[in-house]
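**Q** I would like to see how this sequence folds:
(chains A and B)
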Amino acid sequence: MKEQIESLLKETLASLMNEEAIPSCDLSTITLSTPANKEFGDFASNIAMVMASRAKRPPREIAGLIKERMERLTETFDKVEIAGPGFINFSVSPLMWVRVLDTVFELKGRYGFSDFGKGEKVQVEFVSANPTGPLHVGHGRGAAVGDTLARIMKAAGFDVEAEYYINDVGNQMNILGLSVLCRYRELLGQGDPFPDNGYQGDYIRDIAAKLRSIHGNGILDMGEMEAIALCREFASTDILGGIKEDLALFNVHFDNWFSESTLYRDHKVENTMSFLRKEDLSYEADGALWFRTTRYGDEKDRVLRKQDGSLTYFAPDIAYHKDKLDRGFGKIIDIWGADHHGYVPRMKAAIEGLGAKSDNFHALLIQLVSLVREGQPVSMSTRSGEFVTLKEIIDEVGKDVCRYFFMMRKSDAQLVFDLDLAKKKSEENPVYYIQYAHARICSILKNAASQGLTPDIARLEEGMLTTGDDLELIKTIATYPDVVVSCAADLEPHRISFYLLELATAFHRFYNRNRVISDDIKLTAARLILIASVRQVLANALSLMGIDAPESM
RNA sequence: GCGCCUGUAGCUCAGUUGGAUAGAGCAACGGACUUCUAAUCCGUAGGCCAGAGGUUCGAAUCCUCUCAGGCGCGCCA
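**A** Numbers count the residues shown, from 1 in each chain, chains lettered A, B, ... in the order given. The predicted structure follows:
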């Protein structure tokens, strides 16, 4: 709806500009706002005030010209008014609003989809946890945000690929191998001291036990390097399998799993290094190799290859992002923990050095999650193996609650996850509030069906649903596509959770004040169409969040 | 010391990129079940948008400074 009105406004402005009645300006920057106060109509434009200074005429005079043209569109508008310093307020006619329901019925599960993204190739990379241990709560938030964002951007017309980057190279993998080997030897009565920097969690013992049941004590006879390598490969495969299971349980989907080791195998790291040297973006100093990131605004140059000859984490990461660019993504979105924010300028510099624009790259930073149980913080530290896994939380509170809670805040705000609240099946828990609205509607529809009544858009009579709560509900339904677009455009998927709350609230209010099934046959038919539309939109929005829409509760 | 994020009702947070009288939900208080699910609804109360300047028709939003909290400033990953 908003889009329709916007394009009408733009047409009007374009014709006024042609007549040189108003100064020309960039039409693409024009947007409508929705006034906080209902008395000001459905949409408002400040365009007259923006133009006033350049036109050297009072804003209300310019507003008058626009109003006069727009008013002629009597099918669309009930009234167009000038208010305050020069706002133009549009009240859309109820009949226009009601037509939104035709769209919902026509598009069904695809209502809310658009071609906003115009098929642009986008990659969202998220979670990307090292395969050295199970996913914990913090990964869960990244998973929920990333998966939801990917779904939203698909709906908004982008060509999206969700990717998981597997850091399966480097020292931490050897430490993993060594940790498993030690536990394995322990099982066989050989008590080597456990390494200080080893992975402490019990899952390491489980993996060691699996190795024993497969290999017996055969690994004891191997050379140290060979044994570690075997343990490393077995453990990372096993852990990655577990990660995949947890993500599936969480309804998180990836299109691609990208292994860091393939960057080396396919010489991409090497090629990227020589590319940088050729472009004079790297240089030798103090026995190390540096990237000139300062050329692109970083505060200091960064090391690519250390004095000892090994590469930093940054080096393969540049190769990885070069590979992303080579795959043709116009937007590269990385979802990182907020503690990596110092890494952003460096990566932006790398992107520019590789010949792309820094806007092609977006780092979405996810702030910390802290757990609270019975009012007390639950202590977590990865190093000691004392952490709460994602799976434990899902098992405790359920997938739906978990996903919703992770999306309740904008991602750069810290999140307190209250386990007691999450488990409450009451009004305090927004997930149940929303799902309850969906279930209620299903219940009414079932009830109606038992009386032979089914929602049929063809039987919607003109003039129905044009007032009061009915109209309010329709207006809320109508904003849904705008919400999806705004989430995608601003990379703020959390807004969808607030929209759901708003729609559920509007429905519950409607339900308590109005009857759907009544003696009034025409009104009943119309309201069945209305609530069926609400149900559809609830289901659509929930599905973008990967949350179920239950038919009964 | 430098940089980034945060600061909005008692609590937890929104605020559509600068718009009109700053909004929800909890908690508090008062109401609504013979009626399609009360896991719901209606009403009341609650504010110097951390503070001070500035930019303009107009600021919670942009700029500068101050204060408070969090996080980063490796040839770690």
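**Q** which ones are touching the closest residue to residue A:113 other than its chain neighbours?
**A** Computed as CB to CB, 6 or more residues apart in numbering, the closest residue to residue A:113 that is not its neighbour in sequence is residue A:155, at 4.9 Å. The way it works is simple: take the backbone N, C-alpha and C, and place the C-beta from them, glycine included. Residues in contact with residue A:155, defined by CB atoms under 8 Å, 6 or more residues apart in numbering, are A:112, A:113, A:114, A:484, A:488, A:544.
**Q** which residues are contacting the host helix or strand of residue A:442?
**A** For residue A:442, the element it lies in under DSSP states H and E is helix A:430-450. Under the contact criterion CB under 8 Å, 6+ apart, helix A:430-450 has outside partners A:400-401, A:404-405, A:408, A:425-427, A:454-455, A:497, A:500-501, A:503-504, A:507-508, A:511, A:516-517, A:524, A:528, A:531-532, A:534-535, A:538-539, A:542, A:547-553.
**Q** rewinding a little: ok, so of the contacts of residue A:155, who is nearest residue A:13?
**A** residue A:114 (22.8 Å; CB to CB).
**Q** Quick check: which element contains the residue nearest the centre of chain A?
**A** Closest residue to the average C-alpha location of chain A: residue A:149 at 2.2 Å, with CA atoms, centre = their mean. Applying DSSP H and E as the criterion places residue A:149 in helix A:137-155.
**Q** tell me the SS of residue A:186?
**A** Three-state call for residue A:186 (DSSP: H, G, I helix; E, B strand; the rest coil): helix.
**Q** Tell me who's in contact with it.
**A** Here residue A:186 is in contact with A:192, A:194, A:208 (CB under 8 Å, 6+ apart).
**Q** Surely the second one is in contact with residue A:182?
**A** Looking back up the chat, that one is residue A:194. Yes. With contacts counted by CB atoms under 8 Å, residue A:194 reaches residue A:182, the gap being 5.2 Å.
**Q** So for these two, which residue has more residues nearby?
**A** residue A:182 (22 against 16; other CB atoms under 10 Å).
**Q** What score does the more buried one have for pLDDT?
**A** Note for residue A:182: predicted pLDDT of 94.
**Q** Tell me the buried residues in the host helix or strand of it?
**A** Residue A:182 is part of helix A:171-187 when elements are defined by DSSP H and E. Within helix A:171-187, the residues that qualify as buried are A:173, A:175, A:176, A:177, A:178, A:179, A:180, A:181, A:182, A:183, A:184, A:185, counting by 16 or more other CB atoms under 10 Å.
**Q** one step back: nearest to RNA strand B, of the contacts of residue A:186?
**A** Distance to RNA strand B, by CB to the nearest atom of the strand, is smallest for residue A:194 among these, at 19.9 Å.
**Q** Over to that closest one. Which of the three states is it?
**A** coil.
**Q** Could I get the CA-only coordinates of the strand or helix carrying residue A:67 as CSV?
**A** Here residue A:67 sits within helix A:59-70, counting by DSSP H and E. C-alpha atoms of helix A:59-70 as CSV (Å, rounded to 0.1, in the frame of the first residue of the first chain):
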residue,chain,number,x,y,z
PRO,A,59,5.9,25.2,2.3
ARG,A,60,2.2,25.4,2.5
GLU,A,61,2.0,27.0,-0.9
ILE,A,62,3.9,24.1,-2.5
ALA,A,63,1.9,21.6,-0.5
GLY,A,64,-1.2,23.2,-1.9
LEU,A,65,-0.1,22.4,-5.5
ILE,A,66,0.5,18.8,-4.6
LYS,A,67,-2.7,18.4,-2.7
GLU,A,68,-4.7,19.8,-5.5
ARG,A,69,-3.4,17.2,-7.9
MET,A,70,-3.5,14.2,-5.5
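**Q** circling back to that earlier point, out of the contacts of residue A:155, grab the one that's most surrounded.
**A** residue A:484 (28 neighbours).
**Q** right, and the pair among the contacts of residue A:155 with maximum separation?
**A** A:114 and A:544 (12.8 Å).
**Q** Could you tell me which residues touch both of the two?
**A** With CB under 8 Å, 6+ apart as the test, residue A:114 and residue A:544 both reach A:155, A:484.
**Q** Buried residues, the helix holding residue A:442. List them.
**A** A:430-442, A:444-445, A:448.
**Q** Show me which of those residues is closest to residue A:227.
**A** Distances from residue A:227 to these, taken by CB to CB, are shortest for residue A:431, at 47.7 Å.
**Q** What residues does the residue nearest to the closest one when sequence neighbours are not counted make contact with?
**A** Spatial nearest neighbour of residue A:431, excluding adjacent residues (CB to CB, 6+ apart): residue A:404 at 4.4 Å. Remark: with contacts taken as CB under 8 Å, 6+ apart, residue A:404 is in contact with A:430, A:431, A:434, A:497, A:545, A:547.
**Q** and RNA strand B, which of the residues you listed contact it?
**A** residue A:430 (CB under 7 Å from any atom of the strand).
**Q** JSON lines please, covering the contacts of residue A:404 and showing pLDDT.
**A** Formatted as JSON lines, the contacts of residue A:404 follow (pLDDT from 0 to 100):
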{"residue": "A:430", "pLDDT": "87"}
{"residue": "A:431", "pLDDT": "89"}
{"residue": "A:434", "pLDDT": "93"}
{"residue": "A:497", "pLDDT": "91"}
{"residue": "A:545", "pLDDT": "94"}
{"residue": "A:547", "pLDDT": "94"}
